[in-house]
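need a structure here:
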Amino acid sequence: MSGKKKIEYQTLEDFVTEQFEENPELAPVFLQTVLEDYDHELDAKALLLALRHMAKANGGMTALARKTNLNRGKLYKTLSPEGNPRLKNLQTILKAFGYTLTIKPLKQA
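Numbering: from 1, shown residues only. Model (predicted):
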């Protein structure tokens, strides 16, 4: 043995999931930021990725399927980068995490 210590790296996905696990109070701020970005970019991939991270941090897709009564395979497809969740399913998923969709007026110029 050379005596060198092996460096272990963490993926970004694992880091984000770990942050949600250790700091659940970050989730609503992160989701709000992602939704605001979606409002400008109209790209749902970041929102779906954030929801996948939240699912992983909260017991995985199996636990989410139990909480939402949605099929686990359907959840994987819904939250995939190509997913296009129905509003009803999105609301169900958010509710399982303790959140809801809300409407607020646009800022006046």
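
now do the longest helix along the chain: which elements does it pack against?
Ordering each helix of the chain by length in residues (DSSP state H) puts helix 26-41 first. Using 3 or more Cβ pairs under 8 Å, 6 or more residues apart in numbering; DSSP states H and E, the elements in contact with helix 26-41 are helix 12-22, helix 45-57. Just so you know, the C-beta spots here come from the backbone N, C-alpha and C atoms, and that holds for glycine as well.

give me the contacts around that helix.
With Cβ atoms under 8 Å, 6 or more residues apart in numbering as the test, helix 26-41 has contacts from 19-20, 43-44, 46-47, 50, 54, 97, 99.

what is the mean pLDDT for it?
For helix 26-41, mean pLDDT is 85.

next, the angle helix 12-22 makes with it.
Orientation check (axes from the mean of the first three to the mean of the last three Cα atoms, to 10 degrees): helix 26-41 against helix 12-22 gives 130 degrees.

confidence score at residue 1?
Each residue has a pLDDT score; the one for residue 1 is 53.

what is the burial count for residue 40?
By the measure other Cβ atoms under 10 Å, the count of residues near residue 40 is 7.

please apply the same query to the one 5 residues further on.
By the criterion of other Cβ under 10 Å, residue 45 has 14 neighbours.

so that it lines up with my notes, have the first residue be 840 from now on.
New numbering, starting at 840: the last item is residue 884.

quick one, what contacts it?
The neighbours of residue 884, taking Cβ under 8 Å, 6+ apart as the test, are residue 920.

report pLDDT for it.
Among the per-residue scores, residue 884 holds a pLDDT of 89.

same question for residue 948.
Reported pLDDT for residue 948: 55.

re the thing from before, orientation of the longest helix of the chain relative to helix 884-896 in degrees?
160 degrees.

TSV for the helices and strands packed on helix 865-880, including distance to residue 871?
Converted to TSV, the helices and strands packed on helix 865-880 look like this (distance: least, Cβ to Cβ, whole Å):
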stretch	distance to residue 871
helix 851-861	14
helix 884-896	10
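
quick one: which of these is nearest residue 905?
helix 884-896 (11.6 Å; Cβ to Cβ).

and that closest one, what's buried?
Neighbour counts using 16 or more other Cβ atoms under 10 Å place 886-896 of helix 884-896 among the buried residues.
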